[in-house]
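Novice: sequence-free structure coming up:
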């Protein structure tokens, strides 16, 4: 059987951002994956400034520390997500910054995978 693929954008906003003030740690991205789906992240992008650290969490577990800018970084093999994607930003600079994070990929119905 062929898997039906759905865009992550059909599940929720795949580009999000927040103003992160100097000295603050703040969640800048959150995407809940509905229980009937499994998601696959194929690309990541983000804004970045000196002294900014991004932390990527997948399903509540730490996945990666990001300390540079990614422009459509290809993820191969893709990151599998069963529950949620979160990104936290820590601003260690003296300036406030609006920081964005974006993912792209697909979601597949769990029942299609089990067949």
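Specialist: Here it is on my side, so go on. Just so you know, these numbers come straight off a predicted model, no measurement behind them. Numbering: from 1, shown residues only.

Novice: the protein: strands as residue ranges?
Specialist: 5-7, 15-20, 25-32, 37-46, 52-58, 61-66, 73-81, 84-91, 97-109 (DSSP state E).

Novice: can you redo those strands as CSV with mean pLDDT and mean neighbour count?
Specialist: All C-beta atoms are positioned from the backbone trio N, CA, C, and that covers glycine. Below are the strands of the chain laid out as CSV (pLDDT from 0 to 100; neighbours: other Cβ atoms under 10 Å):
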stretch, mean pLDDT, mean neighbour count
strand 5-7, 93, 12
strand 15-20, 98, 17
strand 25-32, 98, 16
strand 37-46, 95, 20
strand 52-58, 96, 19
strand 61-66, 92, 13
strand 73-81, 93, 13
strand 84-91, 98, 21
strand 97-109, 96, 19
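
Novice: what's residue 105 in contact with, if anything?
Specialist: By Cβ atoms under 8 Å, 6 or more residues apart in numbering, residue 105 lies in contact with 8, 39-43, 75, 78.

Novice: I'd like those residues as TSV, with distance to residue 65 appended.
Specialist: TSV is the format used below for these (distance: Cβ to Cβ, whole Å):
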residue	distance to residue 65
8	22
39	21
40	21
41	16
42	20
43	18
75	15
78	19
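
Novice: closest one to residue 90 out of the residues you listed, please.
Specialist: Taking Cβ to Cβ as the measure, residue 90 lies nearest residue 41 of the contacts of residue 105, at 21.4 Å.

Novice: isn't residue 49 right next to residue 97, touching?
Specialist: Yes: under the criterion of Cβ atoms under 8 Å, residue 49 makes contact with residue 97 at 5.0 Å.

Novice: nearest residue to residue 57 in space, ignoring adjacent ones along the chain?
Specialist: Using Cβ to Cβ, 6 or more residues apart in numbering and skipping residues adjacent in sequence, the residue nearest residue 57 is residue 86, 4.3 Å away.

Novice: for that neighbour, give its distance to residue 109.
Specialist: Using Cβ to Cβ, to the nearest Å, residue 86 is found at 23 Å from residue 109.

Novice: next one: residue 72
Specialist: 26 Å.
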